[in-house]
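> Got a sequence here, can you model it:
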Amino acid sequence: MSDLCGDIERLIDTYNIVVTQLADPDRAPSTPEKKALKRLLDTGIKIKAPKAKKATKKKATKDKDTDNPPPKKTDAELDQIADERILALLPDKLPPPLTPQDLIQLILHPSQLTTPAEQDDFLQQAMRGFAAPEGSWTPILTAAGLHSNQRVTVSTVTAAATAAVPGDTIPLVTVEDKLLSFIKTTGADFYATTRIVLCETMCTQATWSELSNVQKGAHNRELFIAQNPSLFDDALTHAQKHAKLTRGGELLADMNRFLRNDREPLTRARTQIYNLGQVFGFAAIIHPAASLDSLGRPTAALSRISARLHLGLNKRPDLCREIEARAAGNLNVIRELLRGLVVIDDKDAVREYLTDYRERVTFYRYD
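Purely as a prediction, here's the structure:
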């Protein structure tokens with residue numbers, strides 16, 4: 001056994017010597033290395049030289065790219081890119097509104113707006129708007145498993161397992177059927193809740209834009225205090241609480257982290273849904289891809305496009321008229337659709353809210 005180990009060690013030493021020689025063929029081998037080469041060649045083993053030069057070249061290219069990064073585009077150049085993309089999105093003639101079945105599929109499989117293709121689809125679909133069914137939403141929602149009468153709650157999912165006799169096996173199809181229905185319920189709840197959140201978010205944009213920088217700073221401090229009451233002693237005065245959040249304050253870093261991680265996504269989403277609502281009306285809110293999550297991400301390209309859409313549409317008064325002509329239909333869709341999704345106690349409240357909401361916001365501004 002010891003002889004075998006010795007042979008292996010010598011083979012490894014020989015291999016290392018050969019690799020060293022192959023990596024630098026211009027270096028003259030020593031006498032021991034010549035003997036090692038001969039022993040290895042006698043074994044019949046073939047060794048390929050490492051591609052040292054190619055690796056060095058690749059690294060040099062990478063270093064060169066790092067030393068000379070492409071120039072950063074100016075705001076004017078980015079605006080031009082956005083305008084060209086908007087121009088490509090505008091159709092010669094506005095297609096018909098999306099059907100109720102189209103909308104159901106979007107609710108069941110919402111886009112996250114993470115790619116330009118998803119963003120373009122979202123913008124073009126919101127531009128078209130949505131059509132109401134000829135009759136009630138009830139049969140359409142029921143067929144999709146989304147109607148409020150089909151709600152599957154946590155207790156529904158766990159009831160069978162809780163009631164099962166030890167040793168019994170619940171059929172897999174039964175379990176997965178409940179889970180998929182539960183997923184549809186949570187999706188319907190999320191969609192309905194998010195539509196109301198987007199409506200309220202849109203309303204706050206006008207108020208926020210009218211604040212001065214000093215007022216915005218005070219607002220951010222008030223918001224942090226309201227969201228984190230446990231960080232402030234009840235005995236502190238209003239001024240003392242604010243002092244902890246100004247320069248040198250012990251909670252300033254915590255507030256900045258809160259603003260960056262929690263507040264900024266809300267601000268981005270609010271700005272975008274406001275801009276989209278200005279040109280597409282309720283259709284921007286109806287589309288399931290619109291949410292605080294999807295619109296709150298730092299997607300500079302989409303943010304720039306949503307901010308400049310009105311400029312592109314301003315050049316197409318024919319499209320503006322077609323979009324605005326579908327306003328009443330979109331309002332009817334969101335009002336009746338949400339009534340079919342929410343629990344019975346909320347149905348009338350949702351309808352009244354959306355009817356009144358139309359008087360609180362200004363849609364269809366292209367100037």
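> for the longest helix seen in the chain, packing partners?
Across the chain, the longest stretch assigned as helix under DSSP state H is helix 172-209. Identification of packing neighbours for helix 172-209 by 3 or more Cβ pairs under 8 Å, 6 or more residues apart in numbering; DSSP states H and E yields helix 100-108, helix 154-163, helix 264-280, helix 282-286, helix 292-296, helix 327-341, helix 344-357. The C-beta positions use only the backbone N, C-alpha and C, and glycine is treated the same way.
> Break this structure into its domains for me.
What automatic domain parsing lists as the domains of the chain is 2-64, 77-357.
> Just list the residues touching the most centrally placed residue in the chain, thanks.
Residue closest to the mean C-alpha point of the chain, counted by Cα atoms, centre = their mean, is Ser294 at 3.7 Å. The neighbours of Ser294, taking Cβ atoms under 8 Å, 6 or more residues apart in numbering as the test, are Ser111, Gln112, Leu113.
> repeat that with 10 Å
By Cβ atoms under 10 Å, 6 or more residues apart in numbering, the residues touching Ser294 are 110-114, 118-119, 122, 194, 269, 272, 288, 302.
> which one of the residues you listed has the most neighbours?
Within those, Gln272 tops the neighbour count with 27 neighbours, counted by other Cβ atoms under 10 Å.
> Test my guess that that residue contacts Ala307.
Yes - at 8.1 Å, Gln272 counts as touching Ala307 under the criterion of Cβ atoms under 10 Å.
> With mean pLDDT and distance to Lys315 added, can I get the helices and strands packed on helix 172-209 in a markdown table?
Below are the helices and strands packed on helix 172-209 laid out as a markdown table (pLDDT from 0 to 100; distance: least, Cβ to Cβ, whole Å):
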| stretch | mean pLDDT | distance to Lys315 |
| --- | --- | --- |
| helix 100-108 | 97 | 28 |
| helix 154-163 | 80 | 52 |
| helix 264-280 | 93 | 13 |
| helix 282-286 | 96 | 20 |
| helix 292-296 | 90 | 25 |
| helix 327-341 | 94 | 21 |
| helix 344-357 | 87 | 30 |
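> any idea which of these is most buried?
The highest mean neighbour count among those, using mean count of other Cβ atoms under 10 Å, belongs to helix 282-286: a mean of 27.
> sorry, back to before: can you flag the weakest of the domains of the chain by average pLDDT?
Ranked on mean pLDDT, the bottom entry among the domains of the chain is domain 2-64, at a mean of 56.
> Surely Thr162 touches Ser155?
Yes - with contact defined as Cβ under 10 Å, Thr162 reaches Ser155; the gap is 8.8 Å.
> how many other residues sit next to Ser303?
For Ser303, the number of neighbouring residues by other Cβ under 10 Å comes to 17.
> Between helix 264-280 and the one helix or strand it maps to, find me the angle.
Using DSSP states H and E, Ser303 sits in helix 300-314. Counting by axes from the mean of the first three to the mean of the last three Cα atoms, to 10 degrees, helix 300-314 lies at 20 degrees to helix 264-280.
> Who are the contact partners of Met127?
The contact partners of Met127, by Cβ under 10 Å, 6+ apart, come to 89-91, 94-95, 97, 276, 279-280, 283-284, 309, 313, 319, 322-323, 326.
> For Asn220, the count of nearby residues, please.
Per other Cβ under 10 Å, the neighbour tally for Asn220 reads 16.
> ok, it - contacts?
Contacts for Asn220 (Cβ under 10 Å, 6+ apart) come out as Leu245, Met255, Asn256, Phe258, Leu259, Arg263.
> in the strand or helix carrying it, what's buried?
Assignment of secondary structure by DSSP H and E places Asn220 within helix 213-227. Across helix 213-227, burial judged by 16 or more other Cβ atoms under 10 Å covers Asn220, Arg221, Leu223, Phe224, Ile225.
> For it, C-alpha coordinates in CSV please.
Provided in CSV are the C-alpha atoms of helix 213-227 (Å, rounded to 0.1, in the frame of the first residue of the first chain):
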residue,chain,number,x,y,z
ASN,A,213,-39.6,71.0,0.2
VAL,A,214,-39.8,72.1,3.9
GLN,A,215,-43.4,70.8,4.1
LYS,A,216,-42.4,67.5,2.5
GLY,A,217,-39.6,67.1,5.0
ALA,A,218,-42.0,67.7,7.9
HIS,A,219,-44.5,65.3,6.3
ASN,A,220,-41.8,62.5,6.1
ARG,A,221,-41.0,63.0,9.8
GLU,A,222,-44.6,62.8,10.8
LEU,A,223,-45.1,59.7,8.7
PHE,A,224,-42.1,58.0,10.2
ILE,A,225,-43.4,58.8,13.7
ALA,A,226,-46.9,57.5,12.9
GLN,A,227,-45.5,54.3,11.4
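> Perfect, that will be all.
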